[in-house]
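Student: Kindly generate the corresponding structure for this input.
(one chain, ligands or ions: 1)
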Amino acid sequence: MNLFSPLTLGDLSLPNRIVMAPMTRSRADAQGVPSPLAVEYYASRADAGLLLTEGTGPCAAGMGYPRTPGIYTPAQIAAWRTVTAAVHARGGRIFLQIMHVGRIAHAANRTIPDAPVAPSAVRAEGQMWTDAQGLQPNDAPRALELAEIPSVIGEFAQATRNALEAGFDGVELHAASGYLPNQFLSPGSNRRSDAYGGSIGNRIRFVVETLGAMIAAAGSPGKVGIKVSPGMNFNDIQDDDPLPTYMALARAIAAQHPAYLHVMRTGIGAEGALRSAFAGTLLVGGGFGKAEANRMIEEGRADAIVFGSSYLANPDLVKRSTRRSTRRINRRSTRRARKVTPTTRCLGETP
Ligand SMILES: Cc1cc2nc3c(=O)[nH]c(=O)nc-3n(C[C@H](O)[C@H](O)[C@H](O)COP(=O)(O)O)c2cc1C
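Tutor: I've put the predicted structure just below:
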């Protein structure tokens, strides 16, 4: 078993276990409509086992960065349809990552005047880029009212329906990297004293309910995955002891049978712990090269590996990896001590 073994993931059959990471490309227009460049970007990587798109807003309130796409207007849905059609025409599979930024936002990047929303009215330290005013501090958010939370969850469900209408094979809930779902999970950003804050059971509630609503909207758990990043403090996430929260989350979502749990590893070993708490398909990403990726799969520590930065400049990552594997096998079988100088970087390996 290695990166090139097929895998059943939710409702899909993947020809290999190489997954392209969700990566913001900042190429959409000011209305969140993906540009034609997105068609070429995704279609040229269609031989991945699975493509995950850049983070995409479920609603205007969920947008915070310049030139990022959405999935809540007819123009956005139509533009995404050209992307999914091109990927499918090349035989690929693609999930849309749904990303609500919560408090990681600036007014200059938004189409609505409302303040950003968050679990609590706690501003995230840090700055973000705006095209009009350069680097700016993140805006101060307002706390969501308890009565508003179902409608926010409803926006994730509607975004799921829109994504399927746009031809996606499924959706990924972005619960990593300090955005709205992650803000609910973490005590630094979630200071609520109602059913959505305080205890671990309360802090995971928003994510569990949102995943459930997305699965209901998709009509199948096999069309919905979720990404987490335990221990990552990006975007001013503060949590001195993240593992118990993520273990509880993994156990809760295991009962919902999503297509996969995608863990971005951060050096605290959470991916190993979550493997034991989550019986479903596990995707792990973060700094992988080919050799380590194959080892993870061989040893059963992950079902597929997610590659980010190596995919940016290498749309043909899958082909390059196959070529080099073949060359290595040939070399061994002929037992020739021939020196090969690789000219291309492959899955983060140094020659
Ligand atoms: C340019 C860039 C943009 C990214 N945007 C997103 C994003 O929109 N959503 C997300 O979940 N992760 C995002 N990430 C994180 C990647 O998905 C991935 O977790 C990370 O790059 C680690 O994998 P790597 O070491 O193989 O690059 C981004 C990473 C990069 C390099």
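Student: that's a strand at L52, yeah?
Tutor: Yes. Assessed by DSSP: H, G, I helix; E, B strand; the rest coil, L52 belongs to a strand.
Student: Name all residues that make contact with it.
Tutor: 19-22, 94-95, 97, 172, 262, 306 (CB atoms under 8 Å, 6 or more residues apart in numbering). Glycine gets a C-beta too; all of them are placed from N, C-alpha and C.
Student: The residue in the stretch 201-350 of the chain that the ligand sits nearest to: how many residues sit nearby?
Tutor: Here the stretch 201-350 of the chain gets closest to the ligand at one residue, G308, 2.6 Å apart by CB to the nearest ligand atom. Burial of G308 is recorded as 18 neighbouring residues (other CB atoms under 10 Å).
Student: Assess the claim that it and V19 are in contact.
Tutor: No. Using CB atoms under 8 Å, G308 is not in contact with V19, being 9.9 Å away.
Student: Tell me the residues of the protein that contact the ligand?
Tutor: 21-24, 54-55, 97, 174, 176-177, 227, 264, 285-288, 307-310 (CB under 6 Å from any ligand atom).
Student: can you pull out the strands in the stretch 101-250 of the chain?
Tutor: Ranges of strands in the stretch 101-250 of the chain, per DSSP state E, counting those that start in this stretch, are 117-118, 127-130, 134-137, 142-143, 170-174, 224-228.
Student: Touching the second one from outside, list them.
Tutor: By CB under 8 Å, 6+ apart, the surrounding residues in contact with strand 127-130 are 64-66, 104-106, 108-109, 135-138.
Student: swap the cut-off to 10 Å and go again
Tutor: 26, 64-67, 101, 104-110, 134-139, 235 (CB atoms under 10 Å, 6 or more residues apart in numbering).
Student: Just the buried ones out of these, please.
Tutor: Buried subset of these (neighbour count, 16 or more other CB atoms under 10 Å): 64-67, 101, 104-107, 109-110, 138-139, 235.
Student: Nearest to the ligand among those residues?
Tutor: Ranked by distance to the ligand (CB to the nearest ligand atom), those are led by Y65 at 9.0 Å.
Student: In the stretch 51-200 of the chain, what residue lies closest to the ligand?
Tutor: For the stretch 51-200 of the chain, CB to the nearest ligand atom, closest residue to the ligand: G55, 3.2 Å.
Student: Partner strands of whatever helix or strand that residue lives in, with direction?
Tutor: Element membership of G55 [criterion: DSSP states H and E] is strand 50-56. Sheet pairing of strand 50-56 (DSSP bridges) gives strand 18-20 (parallel), strand 94-98 (parallel).
Student: now it against strand 224-228, angle please.
Tutor: 70 degrees (axes from the mean of the first three to the mean of the last three CA atoms, to 10 degrees).
Student: Go ahead and measure how far strand 50-56 is from the middle of the chain.
Tutor: 6 Å (CA atoms, centre = their mean, to the nearest Å).
Student: and the next element down the chain from it?
Tutor: helix 74-89.
Student: got the buried residues for that following helix?
Tutor: 76-77, 79-80, 82-84, 86-88.
Student: all helices of the stretch 251-351 of the chain, in order?
Tutor: Under the criterion DSSP state H, counting those that start in this stretch, the stretch 251-351 of the chain contains helices at 270-277, 290-298, 309-312, 317-334.
Student: need the ones you listed in CSV with mean pLDDT, can you?
Tutor: Shown next, in CSV, are these (pLDDT from 0 to 100):
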stretch, mean pLDDT
helix 270-277, 97
helix 290-298, 97
helix 309-312, 95
helix 317-334, 61
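Student: could those helices go into JSON lines alongside mean neighbour count?
Tutor: Formatted as JSON lines, the helices of the stretch 251-351 of the chain follow (neighbours: other CB atoms under 10 Å):
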{"stretch": "helix 270-277", "mean neighbour count": "18"}
{"stretch": "helix 290-298", "mean neighbour count": "18"}
{"stretch": "helix 309-312", "mean neighbour count": "17"}
{"stretch": "helix 317-334", "mean neighbour count": "14"}
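Student: Quick one: closest of these to P34.
Tutor: Closest of the helices of the stretch 251-351 of the chain to P34 is helix 309-312, at 17.1 Å (criterion: CB to CB).
Student: So F288 versus R301, what's the distance?
Tutor: For F288, the distance to R301 (CB to CB, to the nearest Å) stands at 12 Å.
Student: Neighbour count for these two, which is higher?
Tutor: Ranked by neighbour count (other CB under 10 Å), F288 and R301 place F288 first, with 25 against 13.
Student: ok, the nearest residue to the residue of the stretch 201-350 of the chain closest to the ligand once chain neighbours are set aside to A250 distance?
Tutor: Leaving out its chain neighbours, the residue that sits closest to G308 by CB to CB, 6 or more residues apart in numbering is A21, at 3.5 Å. To A250, A21 is 20 Å away according to CB to CB.
Student: Same check on F95?
Tutor: F95 is 20 Å from A250, by CB to CB.
Student: can you check R81 too?
Tutor: Here the criterion is CB to CB. By it, R81 lies 34 Å from A250.
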